[in-house]
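**Q** here you go, sequence then predicted model.
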Amino acid sequence: MLKLAVLASLGTVALAQTSAPGTAPNASMMRFDVKAMDRAAEPCNDFYQFACGNWLKSNPIPADQARWGRFNELDERNKEILREILEAAAKPDPGRDAVTRQIGDYYAACMDEKGIEARGLSGLTPELDRIQKLTDKKQLAEEVAHLHRSGVPTFFDFSSGQDFKDSTLVVAQLDQGGIGMPDRDYYLKDDPKSIELRQKYVAHVRRMLELAGRSPEQAKTMADTVMRIETELAKGSLDNVSRRDPEKIYHPMKRPDVTMLAPSFAWEQYFADTKAPPFQAVVVSYPDFFKTVDRLVKEISLDDWKVYLTWHLLHSEAPMLPSAFLKENFDFYGRTLTGAAEMRPRWKRCVDYTDNELGEALGRKYVEKAFGGNSKERMLKMVAALEKALGEDIDKLPWMTPATKKEAQVKLKAITNKIGYPEKWRDYSSVVIKRDDAIGNAFRADEFEFQRVLNKIGKPVDPLEWGMTPPTVNAYYDPQMNNINFPAGILQPPFFDSTMDDAVNFGGIGMVIGHELTHGFDDEGRQFDAKGNLQDWWTPVDAKEFQQRAACVDDQYASFTVAPGAHINGKLTLGENTADNGGARVALMALLNTIGKDMKKVDGFTPEQRFFLAFGQVWCSNEREEALRLQVATDPHSPPKFRVNGVVQNMPEFQKAFSCKVGQPMVKQNVCRVW
Ligand SMILES: [Zn+2]
């Protein structure tokens, strides 16, 4: 969903195979805590170590995790709450309300390992047979539409979203897709690590096909075929840095133009079979990709396409298949790609799947149980304080001319916010959920979601819709809605803590608010106006100033090495790094505006010092090398250590608060400052 929309989130917990065995950490352990610090470290040499050193030492990565940080701790606690809700809901009590019954039965079916084992591949047989029965390449369109409706991502992506240049319209969107590894670069780079990963991927595809009943020889040939097709799709895809440029992924076309672009694929058949409502306009992200699609449909035999589609079906449904498939799936996507040593316990995976598929039904119960009533009020006050600080920051910017400042203020004033959970809950009552059909439940829930997204085409935009579920430990800015969004899941310690003073809360959730607001003005967000349209509101001279300043941030982060041979991609992470730097600055301004001259020390630290410590501690995190490599290749967020040190290096306020001296590592010679 929303692949073409440029949602800018706070982080990517999902990358971490979140959750550990054992009991959830209790809330008191998760608060801001001076005991988490390494007081022997010198804050001006390595602030991250100073703020987090003790925590890092005493919180090794659990076996089933790719990384372990404070985000994960909180996510873990949310999962425990969701587990309680789901286990109670799963009891087949005839008195259950409809929502409880639906999430409970979904979870029960997912947890029914015995039943899943006994049914083997039978739940997939009709789907596998459909693919085998194709007799003509013309039928590919029909089959791909059917797979897309069933939630199997393959070949390309079809969805809906707001038009970049008229944010009041919801249009049909066609995007690149169809690969099984995390990014197109995994197919194209020729360093030893990438070559090794490709070999492991082909071996994984082969083993999955063997598990599905193919002979080792057949499976080997088939895996090579999958690799050949996916490599061609990858070559035809746009790289992830270019995809951050909205102009590069915006190619509006009339519906017949799509057929002209790729005539060998039966588009009209495809659109009809997706059951999309009538539409005339389609936004194609990257037309060259669909030229590749056209060429491949011509060049590749029907038998090879059957192999490719079979693999994607198996891959997509692996989580609901018997344990042999699960283990094989984990071996590549967990162990090889993220470094996790063990699969997460089943209940955690089933909690995640319920959240993915029936998110607002589960979220509704989560909010009833876990979201405190006064959190929203306090959040609104903090949002107001942050918005005021950003307004002052814009006014004082030395490099921006009054004309652009005026426009920036218009945009800032137009930003709306959503806090906690949706005003109107999504209705899943049409989704049939059966206690003995995990895979069928997944297909039906995916079909509901696919249809729901397509049904928006041609309808007015719904500003109340959420892009994240309530228990999610994350937040986002949506440039087309021009709004900031904070799910209930993040409004807890260590981010938001009613027992803590302002210094800690502004360093935590205050920084998060500042981060999301700044996304409206990062290299991507700045291209959208107050109404969410891709429209330039900058004078050329200010745009040039912005780009120079952004280039400083790009260079700074590109100089950080995370593992041998692996660096942060300064261009991929530019928006997030800009948001981190701007967010911390305006959060500190908002704190000082709020507390005035009250500089009372707590635990020997001034409010400014506690602000930076709280900011640092939000990011305390241990990572496996594999996870770091995956992160810098695919994730627009920098790894935690650099999110902290990269920011404080640029802040004279930090250097003053900790009496740092010129020449120390946390004092950057040429400070980068955009906002
Ligand atoms: Zn962000």
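**A** Structure received.
**Q** pull the contacting residues for the closest residue to the ion within the stretch 101-250 of the chain.
**A** Closest contact between the stretch 101-250 of the chain and the ion, by CB to the ion, is at Arg244 (12.2 Å). No exception for glycine: its C-beta is placed from N, CA and C like everyone else's. Listed by CB atoms under 8 Å, 6 or more residues apart in numbering, the contact partners of Arg244 are Val6, Asp523, Glu524, Lys571, Leu572, Leu574, Gly575, Pro636.
**Q** pull the most distant pair out of those residues.
**A** Of all pairs drawn from the contacts of Arg244, the one with the longest distance (CB to CB) is Val6 and Lys571, at 14.8 Å.
**Q** more neighbours: these two, which one.
**A** Val6 (24 against 20; other CB atoms under 10 Å).
**Q** within range of the ion, give me the residues from the stretch 551-675 of the chain.
**A** Within the stretch 551-675 of the chain, the positions near the ion by CB under 5 Å from the ion are Glu576, Ala579.
**Q** pLDDT score for Tyr186?
**A** Predicted confidence (pLDDT) for Tyr186: 98.
**Q** doesn't it fall inside a helix?
**A** Yes - according to DSSP: H, G, I helix; E, B strand; the rest coil, Tyr186 belongs to a helix.
**Q** what about it, how many residues close to it?
**A** The burial count for Tyr186: 21, using other CB under 10 Å.
**Q** let the chain start at 34 from now.
**A** With the count now opening at 34, the last piece we talked about shows up as Tyr219.
**Q** hmm, it is touching Ala666, no?
**A** Yes - with contacts defined as CB atoms under 8 Å, Tyr219 counts as touching Ala666 at a distance of 7.4 Å.
**Q** send the alpha carbons of the helix or strand hosting Gly679 over as PDB?
**A** In the assignment (DSSP states H and E), Gly679 maps to helix 673-681. Coordinates of each C-alpha in helix 673-681 appear next as PDB, following Å, rounded to 0.1, in the frame of the first residue of the first chain:
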ATOM      1  CA  PRO A 673      21.000   4.400  15.400                       C
ATOM      2  CA  LYS A 674      24.500   5.300  16.500                       C
ATOM      3  CA  PHE A 675      24.800   7.700  13.600                       C
ATOM      4  CA  ARG A 676      21.400   9.100  14.100                       C
ATOM      5  CA  VAL A 677      22.700  10.300  17.500                       C
ATOM      6  CA  ASN A 678      26.300  11.200  16.800                       C
ATOM      7  CA  GLY A 679      25.600  12.700  13.300                       C
ATOM      8  CA  VAL A 680      23.100  15.100  14.900                       C
ATOM      9  CA  VAL A 681      25.000  16.300  18.000                       C
END
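**Q** what lies in contact with the helix or strand following that helix?
**A** Once the chain leaves helix 673-681, the next helix or strand it forms, by DSSP H and E, is helix 685-690. Here helix 685-690 makes contact (CB under 8 Å, 6+ apart) with 77, 80, 618, 621, 639, 641-642, 645, 681, 693, 699-700, 704.
**Q** any idea of the mean pLDDT in helix 685-690?
**A** 98.
**Q** ok, now stretch 451-459?
**A** For stretch 451-459, mean pLDDT is 96.
**Q** just how off-centre is that stretch within its chain?
**A** Between the centre of stretch 451-459 and the centre of its chain there are 19 Å (CA atoms, centre = their mean, to the nearest Å).
**Q** so Arg276 touches Asp218, yeah?
**A** No - contact between Arg276 and Asp218 fails when scored by CB under 8 Å: they sit 11.9 Å apart.
**Q** the two: who's more crowded?
**A** Higher neighbour count among Arg276 and Asp218: Arg276, with 21 against 17, using other CB under 10 Å.
**Q** which residues in the stretch 234-383 of the chain form helices?
**A** 249-268, 288-294, 300-307, 320-332, 335-350, 356-363, 370-371, 379-390 (DSSP state H, counting those that start in this stretch).
**Q** now the angle from the longest one to helix 335-350?
**A** Spelled out, that is helix 249-268. 90 degrees (axes from the mean of the first three to the mean of the last three CA atoms, to 10 degrees).
**Q** and the average pLDDT for helix 249-268 is what?
**A** 98.
**Q** quick check: buried residues in that helix?
**A** The neighbour-count check on helix 249-268 (16 or more other CB atoms under 10 Å) flags 252-253, 255-256, 258-260, 262-267 as buried.
**Q** could you give the angle of that helix to helix 320-332?
**A** Per the same axes, to 10 degrees, the angle that helix 249-268 makes with helix 320-332 is 150 degrees.
**Q** other SSEs contacting helix 249-268?
**A** Judged by 3 or more CB pairs under 8 Å, 6 or more residues apart in numbering; DSSP states H and E, helix 249-268 is in contact with helix 218-221, helix 225-244, helix 320-332, helix 335-350.
**Q** and the top strand by length along the chain, what's buried?
**A** Using DSSP state E to define each element, the chain has its longest strand at strand 199-209. Across strand 199-209, burial judged by 16+ other CB under 10 Å covers Ser200, Leu202, Val203, Val204, Ala205, Gln206, Leu207, Asp208, Gln209.
**Q** where does the first one sit relative to Val494, distance-wise?
**A** Right, the one you point to is Ser200. 7 Å (CB to CB, to the nearest Å).
**Q** do the fifth one as well
**A** When distances are taken as CB to CB, Ala205 and Val494 turn out to be 14 Å apart.
**Q** the fourth one now?
**A** Using CB to CB, Val204 is found at 11 Å from Val494.
**Q** cool, and the third one?
**A** Look at Val203 and Val494: by CB to CB, they are 6 Å apart.
**Q** so after the lowest-mean-pLDDT helix or strand in the chain, what's the next helix or strand?
**A** Ranked by mean pLDDT, DSSP states H and E, the helix or strand of the chain with the weakest confidence is strand 41-42, at a mean of 71. As assigned by DSSP H and E, the chain's next helix or strand after strand 41-42 is helix 80-91.
**Q** got any ranges where this protein has weak pLDDT?
**A** Scanning the chain for pLDDT under 70 picks out 34-41, 45-62, 406.
**Q** can we see that at 90?
**A** By pLDDT under 90, the weakly predicted segments of the chain are 34-64, 403-411, 531-532, 630-632.
**Q** tell me the residue in it that is farthest from the middle.
**A** Residue farthest from the centre of the chain, counting by CA atoms, centre = their mean, is Lys630 at 39.4 Å.
**Q** helices of the stretch 384-533 of the chain, start to end?
**A** Going by DSSP H, counting those that start in this stretch, the stretch 384-533 of the chain shows helices at 392-403, 408-429, 435-447, 471-488.
**Q** packing partners for the second one?
**A** Put plainly, it is helix 408-429. The contact analysis (3+ CB pairs under 8 Å, 6+ apart) places helix 408-429 against helix 435-447, strand 449-453, helix 544-552, helix 607-628.
**Q** could you dump the last one to PDB, C-alpha only?
**A** Right, the one you point to is helix 607-628. What follows is helix 607-628, C-alpha atoms only, in PDB (Å, rounded to 0.1, in the frame of the first residue of the first chain):
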ATOM      1  CA  LEU A 607      19.200  12.400   3.200                       C
ATOM      2  CA  GLY A 608      15.600  13.100   4.100                       C
ATOM      3  CA  GLU A 609      15.800  11.200   7.300                       C
ATOM      4  CA  ASN A 610      19.100  12.700   8.400                       C
ATOM      5  CA  THR A 611      17.700  16.200   7.600                       C
ATOM      6  CA  ALA A 612      14.600  15.400   9.700                       C
ATOM      7  CA  ASP A 613      16.800  14.100  12.600                       C
ATOM      8  CA  ASN A 614      18.900  17.300  12.600                       C
ATOM      9  CA  GLY A 615      16.000  19.700  12.200                       C
ATOM     10  CA  GLY A 616      13.900  17.700  14.700                       C
ATOM     11  CA  ALA A 617      16.500  17.800  17.400                       C
ATOM     12  CA  ARG A 618      17.100  21.500  16.900                       C
ATOM     13  CA  VAL A 619      13.400  22.600  17.100                       C
ATOM     14  CA  ALA A 620      12.700  20.200  19.900                       C
ATOM     15  CA  LEU A 621      15.400  21.800  22.000                       C
ATOM     16  CA  MET A 622      14.100  25.300  21.100                       C
ATOM     17  CA  ALA A 623      10.600  24.100  22.100                       C
ATOM     18  CA  LEU A 624      12.000  22.800  25.400                       C
ATOM     19  CA  LEU A 625      13.700  26.100  26.200                       C
ATOM     20  CA  ASN A 626      10.600  28.000  25.300                       C
ATOM     21  CA  THR A 627       8.600  25.800  27.700                       C
ATOM     22  CA  ILE A 628      10.800  25.800  30.700                       C
END
